Structure formats: C-alpha cells, structure tokens
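A predicted structure for the sequence below; I have some questions about it.
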Amino acid sequence: MTLRVIVADDEPMSRQRLVRMLHDEPDVRVLEACETGEQAAEAIRAHGPDVAFLDVQMPGLDGFDVVAASAGRRPPAFVFVTAHDHYAVRAFEVNALDYLLKPFDQERLRAALLRVRERPAPAPGASERMIALLERLAAAERPRGLERLVVRTTERAFFLKTEMIDWIEAAGKYVHLHVGKATHLLRGSMAGLEEQLDPARFVRISRSAIVNIDRIQEIQPWFQGDHVVILHDRTRLTSTRGYRENLQRLLGK
C-alpha cells in the first residue's frame, strides 16, 4: 500500500528536507508540499491524503488550525513536526498519530510511517470529537483577564495594554496606573481591577498596590512579616502582612 502524503512547513529548508526524506521511502508518494496552513487545508480537501505532516507553527493557520479545518470529513493521519517538544502533549491531545521533533532522522521518520500503517480506521465522528477538543484547548490557552484598559482624559480616550503597566496605586475612587514615567488616572476600585486582571501577570501586595510581576526585580524581607518589593525602575513598594499569601504564592512557597 502506497501512502499518499502532504507536507506543510513554512520554512523552505525544513520542508524540502522532509520531502527528500519521504521520497527515499519506496512506498510513499508526496502529493503536495505546502508553505502555509491555508494551502495545507486546501490540499487535504483536494487530495484526501492518507497522511499530513504539519509544522505546528505557521503564519495564518497553524498546524492545529489545519486539523480543525478538516472536521466534517475523513481526516488523514496527522503527524506534527515541531522544534519545541512542549507541543507534543497538545499534539496527542488532538489525536495526532505522532510528532517529529526537529531535527529528526530517517529512522524516526520510518517509525512515524509505521505507526500510520498500523493505525485503525478512524471511528465515526472522530473528526467532530477532534474539533471539539481543539476548541476546548484554544479556550484554555486564551489570555486570562483584561488585555487593555480604556483611559479617558479631558481631551481624549485611548487604549492602554495592561502588559505595559508597571504597578497600580489606590487613589480613593480612582487608581493611578504607573506606566514608565507616565501616570494615568482611571476611575475604579482596586478590588474591582484586581478581579479583572490576569493573576499570572499581576499580584496585589497591599491595600494600595498591585504590581506587574514582570516588573519586579527583587523582594526583600522587612519588619514583622512585611516585605519590600523593588521594581526594575527602582520603585520601592511595601508588601503588607494581609497580602502575605499572594507574595508567598509568587515566591512558590
């Protein structure tokens, strides 16, 4: 049985190398070598290949998007090709048959082809289950919390990406957003803003301060369980005992 194959990789050298390796296999026929995910999705629709070797990271549609685009029809066996081994877990979560970690050799490629030959026929509804799983994974990977805030002045309103904020300071019914040397006034409470911000990026260290974790340079112990949090611009903030758990979580304790 000859395996009918498509390849998709936006890196010309990687794509050409994989095609050459596949040509060295006597029972493999390369139908098309694609530069983009869009081309790969179209090639799957046009050719109905047995196997699709997909680079994970491609502009536009990535490898996982191509899998999603195949839902509703008989899918090929998907083999993901990547330079990053942390993609392997997700590859198997979407029912990929195998993954190839760059750089791989001919022997590893043959092992992947053997797995393709030994796989059972796709069960009815397999592509629908795959797309449902992809949607759940995509939802889990979306950034948590606000990505931007609307800051209004007497003259204008503008969007401020939350990742640009160094730290946030309480100011009565307002908060001060410290961004580099600039300070912006925003109406709202610290509690309300803390609830909306991504906890993986921001930590509240006191009643009056929320800090962008990426801006922290060091943390020093202070008196009676308090700490001094020093930012990269040398701003010094005090973390109080009431927020000790937040700081301990940040320090991995």
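Structure's in. What do you need?

For stretch 239-246, which residues meet the burial criterion?
Going by neighbour count (16 or more other CB atoms under 10 Å), the buried part of stretch 239-246 is 239-240, 243, 246. C-beta coordinates here come from the backbone N, C-alpha and C atoms, glycine included.

Which members of those are the farthest-apart pair?
240 and 246 (10.2 Å; CB to CB).

any residues in contact with both of those two?
residue 205 (CB atoms under 8 Å, 6 or more residues apart in numbering).

show me where pLDDT drops low in the stretch 1-150 of the chain?
Residue ranges of the stretch 1-150 of the chain with pLDDT under 70: 71-73, 85-96, 120-144.

and for stretch 150-161, what are the contacting residues?
Here stretch 150-161 makes contact (CB under 8 Å, 6+ apart) with 147-149, 177, 179, 184-186.

Only alpha carbons, please: show that stretch as PDB.
Output in PDB follows, covering the C-alpha atoms of stretch 150-161 (Å, rounded to 0.1, in the frame of the first residue of the first chain):
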ATOM      1  CA  VAL A 150      -9.700  52.500  28.200                       C
ATOM      2  CA  VAL A 151      -8.100  55.600  29.800                       C
ATOM      3  CA  ARG A 152     -10.000  58.800  29.500                       C
ATOM      4  CA  THR A 153      -8.700  62.400  29.900                       C
ATOM      5  CA  THR A 154     -10.400  65.700  29.300                       C
ATOM      6  CA  GLU A 155      -9.000  65.800  25.800                       C
ATOM      7  CA  ARG A 156      -9.100  62.200  24.600                       C
ATOM      8  CA  ALA A 157      -9.600  58.500  25.300                       C
ATOM      9  CA  PHE A 158      -7.000  55.800  24.400                       C
ATOM     10  CA  PHE A 159      -6.400  52.100  24.900                       C
ATOM     11  CA  LEU A 160      -3.700  51.000  27.300                       C
ATOM     12  CA  LYS A 161      -2.400  47.400  27.100                       C
END
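
what's the offset of that stretch from the middle of its chain?
Offset of stretch 150-161 from its chain centre (CA atoms, centre = their mean, to the nearest Å): 29 Å.

before we move on, the earlier item: min pLDDT across the buried residues of stretch 239-246, which one?
Lowest pLDDT among these: residue 246, with 84.

Can you name the residues that contact the closest residue to that residue other than its chain neighbours?
Closest residue to residue 246 apart from its sequence neighbours, by CB to CB, 6 or more residues apart in numbering: residue 203 at 5.2 Å. Neighbouring residues of residue 203 by CB under 8 Å, 6+ apart: 210-211, 213, 246-247, 249-250.

For residue 203, give its distance to residue 216.
Using CB to CB, to the nearest Å, residue 203 is found at 8 Å from residue 216.
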